[in-house]
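>>> sequence isn't available, so here's the structure alone:
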Ligand SMILES: [Zn+2]
């Protein structure tokens, strides 16, 4: 996979249901978005889906 690929990452918090839509970049086999935590302080439990941009 191209290391410069860009992704749209949808993150939904499993605790409060808040949704975040972020842009990410593939780095070392992992999409990096810079996302740290939800507004409710949840840092671990998320539903994440990502979509590659062409
Ligand atoms: Zn939350």
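Happy to help now that I have it. As the structure is a computational prediction, the values presented were derived from the model and not from experiment. Residues are numbered from 1 along each chain as shown.

>>> looking at the protein, which helix or strand does the model trust least?
strand 30-32 (a mean of 90; mean pLDDT, DSSP states H and E).

>>> what's the burial count for residue 31?
Around residue 31 sit 19 other residues, with neighbours defined as other C-beta atoms under 10 Å. Every residue, glycine included, has its C-beta placed from N, CA and C.

>>> ok, residues contacting stretch 37-46?
Residues external to stretch 37-46 that are found in contact with it (C-beta atoms under 8 Å, 6 or more residues apart in numbering): 11-16, 18, 20, 36.

>>> how about a cut-off of 6 Å?
11, 13-16, 18 (C-beta atoms under 6 Å, 6 or more residues apart in numbering).

>>> mind checking the SS state of residue 8?
Three-state assignment for residue 8 (DSSP: H, G, I helix; E, B strand; the rest coil): strand.

>>> so the closest residue to it other than its chain neighbours is in which element?
Distances taken as C-beta to C-beta, 6 or more residues apart in numbering put residue 51 closest to residue 8, at 4.9 Å, once the chain neighbours are dropped. Using DSSP states H and E, the element containing residue 51 is strand 46-53.

>>> that strand pairs with which strands, and in what direction?
Pairing partners of strand 46-53, with direction, according to DSSP bridges: strand 6-13 (antiparallel).

>>> what's around the closest residue to residue 13 other than its chain neighbours, how many residues?
Leaving aside its chain neighbours, residue 13 sits nearest to residue 38 (4.2 Å; criterion: C-beta to C-beta, 6+ apart). If you count neighbours by other C-beta under 10 Å, residue 38 ends up with 21.

>>> helix, strand or coil for residue 38?
Assigned by three-state DSSP, the conformation of residue 38 is coil.

>>> so it versus residue 22, what's the distance?
12 Å (C-beta to C-beta, to the nearest Å).

>>> need the residues of this protein near the ion, please.
Within the chain, the residues that sit near the ion (C-beta under 5 Å from the ion) are 13, 15-16, 18, 38, 40, 42.

>>> filter the contacts of stretch 37-46 to the buried ones?
Neighbour counting with 16 or more other C-beta atoms under 10 Å marks 11, 13 as buried within these.

>>> no more questions from me, cheers.
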